[in-house]
Every structure is written in structure tokens, then in C-alpha cells.
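Participant: turn this into a model:
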Amino acid sequence: MRRNKFAVTIALLAGFIVLNTACAQIPPPPVLMGSAYVNEENLSAQSTVLLNNEQNVVPLHDLDKATIASVRFNHDYAASFDSLLNKYTKVKAFNGLTYTNFGKLSDDLKLYSTIILQVTDPDLNNPRLLEFIAMNDKLKKVVIAYWGSGLMLDKLNAVITPVLWCSRLSPVAAGFVAQAVFGGVAITQKLQKNMSAKYVVGAGFITAKTRLQYTVPEAVGIKTENLLPIDNIAREAMNDKATPGFVVLVAKDGKVILNKAYGYHEYNNAQPDKITDIFDLASVTKISATTMEVMRLVDEGKLSLDSTMGSYIAMARNTSKNNITVRELMLHQAGLVSYIPFYNYIKAADHSPDSSAAYPTKVTDGYYMRKDYYKDVMWPQMLNSALRTRGKYVYSDLSMYFMKEIVETVTATPLNEYVQTHFYNPLGMQTAGFLPRNRFAKEQIVPTENDTYFRHNLLTGYVHDQGAAMVGGVSGHAGLFASANDLAILFQMMLNGGSYGGTQYFKPETVAQFTAKQSNVSRRGLGFDRWDPEVSKHYPSDYASPETYGHTGYTGTCVWVDPKSNLVYIFLSNRVYPKDSMLLNSRRIRARVMDVVYEAIKKGMQ
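Facilitator: So this is what the prediction gives:
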């Protein structure tokens, strides 16, 4: 399907992406916008009851341990339902109407630990479906999403699995129930009358909102049209070739109110950007991976901010780096040089176009580094690099190279594996991680630079940062890739004081410590960049509060969290395509988009 260059891809019901048009054989309903959407959302909330939840199955938890399938039958708005489910974790959709044999459906679902069944009144009149439910009720975790009159609840009297019953049948109601499954919205209602011998007046379970909700700006008191100036900024950025495209996401009050993709992967306009696209985050890696692990280890008492490099790294003990503290590294006050252009030191014998036991480290397609190059060359270069005035702020990538070595020593686990296991997978982040080409199609990853000076090819899914590439794509300062939605999940957790989906990932005091101003000589927190008190810098925005924390990335990315406004702002672009350009920075595109968000908040519904 061809899309206009500035087509909105909003992950809200106001613009839900249809995953499978075959799911809905009726004409599409009018798309509700603004206050009409919010009104229907509120009616859906008042019409939804959760039954049989004695075991607290809903909201679903332990997402990293679950394989989830969604099965539809006669539900007209299955596409909307499944689209919303997939905002929280990967959910495979099945069309039950294509199965003439329920045994075959059961066979196809055997590898799924959790089954979400979408049913309506006609479906529950089918004895074979009821048998299917009864059988799987004993074998797997099952959640029944039922839209209808409620008269068929008596068919589920023998069922012990949770039932989410919504008496409204609409795309908004479908989206609401999907979000209720994962705790994106709270369930607040109980049965108002007897519906069967089992489901009687007063029955029902109340749940709390524990994850992001996906809705429209009006749900948080913002008029949609007041966000439209972002479209003009996008048009300017792409016309001037500041970036081929970008994705922006805004979450306020725990609700995603804006998620749009603009432009294309490249200037040839062949592949439109999508909100699900994966971007090279560059230095956003520092706060989204390395700092997360540091926080967890400090939380657990396994790492002290005042311990020294020599305490963890034996090779540092006979160097000038021995007494540098973890705190100094996290504040960029260790006296380190800002960076080392490692790729300038590569010799012909250090790399090969083919992989082998002697050249195992993949830098990009057709480029492999020799075995132990990092240990033999790069690591000694860092340890023996010049040490300048400690206590002075100098932003340095070396700090996070060193922090990676420290945390891996403490945990005996590679950085990429640790953050994937402890954060990304349990949070339901589907794209976040290092080495994306090992997991995703090339087409889902936005290309960065056309490297003409080192790797001599277009970098798609291989980290843009040269040093991170030379160590195989996993580093403490760069190498992480993710979509906007994944980052929103991670930093909503931070905004929540370390809690998300019913799990406490950090103590609130640890989040407060790392994100607050911790330096007398810079604006920095521990690992985190922050709001700049020098007003003339307008950083990161004209209107950001002094509590704001986050980070930018060299490839044209940023994440900012403003606790005062209860705001998470994500901007992902590939401004370095096809070659490094400073226009995105000089035009303040990221900051100006953020300004529009604050201005819209101030205007409210005017």
C-alpha cells in the first residue's frame, strides 16, 4: 500500500493499523477522534467486567516466560484487538474461523503457553468451541475476551479461566479490552445484575493500571490539532535533508497520546518509516543499557559508586585508571580523553572480508576483525590513554567502555545478555537489543550512514559508532537498537519510580538518585544527561522542567523524561544518512518537536 510522505501512523484506535483486513468482513466504522474517542473509551470502561480472576492472571505478567496466541472467531474488530495486544508483547494471531477441526487448532496452539480467545454471542452458542475452552482451560493459561449481551455468560459457568466481558461492540471497546488484558487500563466495574447462576450482582475483580495505555491526546486534556505543528517541522526537516524521516512518540500521564512516523528510510522515498521500525540509538545506549545495569547492581548492593576501577579490573591496577571511581565514570569526571579514533589504527592484517576462526568478530557485511583485537589493541589503548584533570567534566565514551568491563566482571554475564534478560524481555520490549540483524529482517531496521571511510558500505543493523563496531556491536556506549514503543516502555518504568507491569525493577530512591543532578561542575546525573540551567541553551527544550533527564544519540535520537509534566518524549531518526549532517542539530528539530508538545500541554483543550 502506498503512503503519503507525511502519512500518520498513529498507534491509537484513532488510527489503528489493520493487521489483517480479512479479519473484518464488514465496512470499517467511522474513525472516532478527539473527545468522541474519549467518550467511547469511557463507555467501554464502564461496560467491562473481569470475572474469574481469583488467581490474578489478569493483567498478564511474566511476559518473558510466556508465549501468547490470540484466537478470533466472529469478532468484527479482531484487527484492532490484536494490534493493541502487540503493543505490550509479541502475540501471534490465529483466525479460528479457518479451522473446521478444533483439534487442528489445538495442535497449532501447542507451543503457546497463554491463549487469549476473542468470542461473541454467536461463538458461545457453538458447543465445539465450549469443548475447546474446557480442554485448554486445564492445559494452559487462558483469557476469554467476550463482547456481547452477557446472556451467554451462563455458557461459561464451568469455566475457571478469567473472562473479560464488555457489553459494547466497537473498535474502541476492542482496544480497551486488549489493554485491560495487560494492565494498560484499569478494570473498575462489577456486575450490576445477575447474569447466571455463577455470575451474580457484585461479582467481578478490580485491577490497577500498571502499563502504558494507548489513546488520543484529548484523554490527557490536549487538543489533537495543537500537535499538528510537528508535521510542519517534519516537512522542513526532510525537505532540507536534515534527515530522511523520523518517528516521534509522546506519553503523558502513562498514556501514549502520539506516535507518528514521517518520511522514509532513505531519500529515494522507496520505504516509508513505520512506528515499528528499529533505529540505531547511538549514545542513548548509555542510559538504556549500561546505566540500567549499573542501577540494578547498585540497588542490589553488588556495586558501589565509590569503588575504584582497580577493585574490579585487574589490568587497570598498574595504570593511571586504578583509582578512578565508578561515580567519576558515570559523571564523566574521571579525566578521560573524550574518545579514541580506534579505526585509524587498523592495519591490513587486522581484518578480513571473510569470517574464520582467525577473524571471528563481525563489524559489518564483508568485514571481520581478527581474534582478540579488542584485548590486544583497543583495551590497552584505553587503559594507557592520557589522564587529564579529574573532577572536571569531559564527556567521554571511554567511561562506558570501562563501565561495561566493570558490570560484566560483577555479573559474569555479557552486557547484552544481562539487559535482555533482566529488562527488555520481562518488560515486553520486542525490538530492543544489540545485534538486531541476528533477530530481525533488514527491512525493519532503518539504515544509518553510507560509510565511505571505514567499512565502505551502507550500515543497516550494524552499529554506526566505529569503536562499538570493532568490538562486535556490543559496547557500553553504543550498539543498542530499538523502536520508539520499546523505549517508551523502558522510560515509563523509570518515570513510575522503577515499577512497570506489577514488577519493581528498581527502588524508587535509586531512580531518584541516578536521575537527579549529581555534579557540582556539570548538569549531569549518574549516567543521565539532564536539563541545562543555562537558559540560553534551551536544552533539551524551551519548556522542559529542571527535573528533566534523558540522553541524545549521535545518529539523531533522544529520550527525555520530565517528571514534573509526567512526560516521556522519544525521537528517533537517521540524520547521518547518507552521510553525517549537522542540520538536524542546527535546526533544533528534536527540541522544536518537544517544544510543540509542551505548548500543546499548556494550551490544553483550547
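Participant: and the helices in the stretch 401-550 of the chain?
Facilitator: All helices of the stretch 401-550 of the chain, identified by DSSP state H, counting those that start in this stretch, fall at 415-419, 425-427, 466-470, 484-495, 508-515.
Participant: take those helices and lay them out in a markdown table including distance to residue 129.
Facilitator: In short, each C-beta sits where N, CA and C put it, glycine included. What follows is those, written out as a markdown table (distance: least, Cβ to Cβ, whole Å):
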| stretch | distance to residue 129 |
| --- | --- |
| helix 415-419 | 42 |
| helix 425-427 | 33 |
| helix 466-470 | 52 |
| helix 484-495 | 33 |
| helix 508-515 | 46 |
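Participant: which residues touch the spatially most central residue of the chain?
Facilitator: Residue closest to the average C-alpha location in the chain (Cα atoms, centre = their mean): residue 486, at 0.7 Å. Counting by Cβ atoms under 8 Å, 6 or more residues apart in numbering, residue 486 makes contact with 424, 429-432.
Participant: please repeat the previous calculation with a cut-off of 6 Å.
Facilitator: Shown in contact with residue 486 (Cβ atoms under 6 Å, 6 or more residues apart in numbering): 429, 431-432.
Participant: so what's it scoring on pLDDT?
Facilitator: pLDDT, residue 486: 98.
Participant: again with residue 281
Facilitator: Residue 281 is given a pLDDT of 98.
Participant: give me the low-pLDDT residue ranges for the stretch 1-150 of the chain?
Facilitator: In the predicted model, the stretch 1-150 of the chain carries pLDDT under 70 at residues 1-30.
Participant: and if we set it to 50?
Facilitator: Residues of the stretch 1-150 of the chain meeting the criterion pLDDT under 50: 1-26.
Participant: residue boundaries of the strands in it?
Facilitator: With strands called from DSSP state E, counting those that start in this stretch, the stretch 1-150 of the chain shows them at 48-51, 68-72, 91-95, 114-120, 141-147.
Participant: need the contacts of residue 486 in CSV (columns: neighbour count, pLDDT and distance to residue 364).
Facilitator: Below are the contacts of residue 486 laid out as CSV (neighbours: other Cβ atoms under 10 Å; pLDDT from 0 to 100; distance: Cβ to Cβ, whole Å):
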residue, neighbour count, pLDDT, distance to residue 364
429, 26, 98, 25
431, 22, 98, 20
432, 25, 98, 21
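Participant: what about the lowest-mean-pLDDT helix or strand in the chain, distance to the chain center?
Facilitator: Of all helical and strand segments in the chain, the minimum by mean pLDDT, DSSP states H and E falls on helix 127-139, at a mean of 93. Centroid separation for helix 127-139 versus its chain: 35 Å, with Cα atoms, centre = their mean, to the nearest Å.
Participant: packing partners for it?
Facilitator: When contacts are defined as 3 or more Cβ pairs under 6 Å, 6 or more residues apart in numbering; DSSP states H and E, helix 127-139 sits against none of the other helices and strands.
Participant: next, the buried residues of it.
Facilitator: By neighbour count on 16 or more other Cβ atoms under 10 Å, the buried set for helix 127-139 is 129-130, 132-133, 136-137.
Participant: beta partners for residue 263?
Facilitator: On the basis of DSSP bridges, residue 263 is bridged to residue 245.
Participant: contact partners for it?
Facilitator: Counting by Cβ under 6 Å, 6+ apart, the residues that residue 263 touches are 238, 244-245, 273.
Participant: one more: residue 424?
Facilitator: 432-433.
Participant: ok, residue 142 - contacts?
Facilitator: 115, 136, 161.
Participant: may I have the beta-bridge partners of it?
Facilitator: residue 115.
Participant: now residue 199: phi and psi?
Facilitator: Here is the backbone geometry of residue 199 (degrees, to the nearest 10): phi -100, psi 90.
Participant: residue 328 and residue 334 touch, don't they?
Facilitator: Yes - taking contacts as Cβ atoms under 6 Å, residue 328 lies within contact range of residue 334: 4.1 Å.
Participant: if you count what's nearby, which of these two comes out ahead?
Facilitator: Legend: neighbour count by other Cβ atoms under 10 Å for residue 328 and residue 334, higher for residue 334 (25 against 20).
Participant: save the contacts of residue 263 as JSON lines, and put in distance to residue 580, neighbour count and pLDDT too.
Facilitator: Compiled in JSON lines, the contacts of residue 263 are given as follows (distance: Cβ to Cβ, whole Å; neighbours: other Cβ atoms under 10 Å; pLDDT from 0 to 100):
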{"residue": "238", "distance to residue 580": "17", "neighbour count": "22", "pLDDT": "97"}
{"residue": "244", "distance to residue 580": "14", "neighbour count": "24", "pLDDT": "98"}
{"residue": "245", "distance to residue 580": "17", "neighbour count": "27", "pLDDT": "98"}
{"residue": "273", "distance to residue 580": "20", "neighbour count": "26", "pLDDT": "98"}
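Participant: contact partners for the nearest residue to residue 516 once chain neighbours are set aside?
Facilitator: Nearest non-adjacent residue to residue 516, counting by Cβ to Cβ, 6 or more residues apart in numbering: residue 525, 5.8 Å away. Residue 525 makes contact with 514-516, 518, 549 under the criterion Cβ under 6 Å, 6+ apart.
Participant: before I go, just wanted to say thanks for your time.
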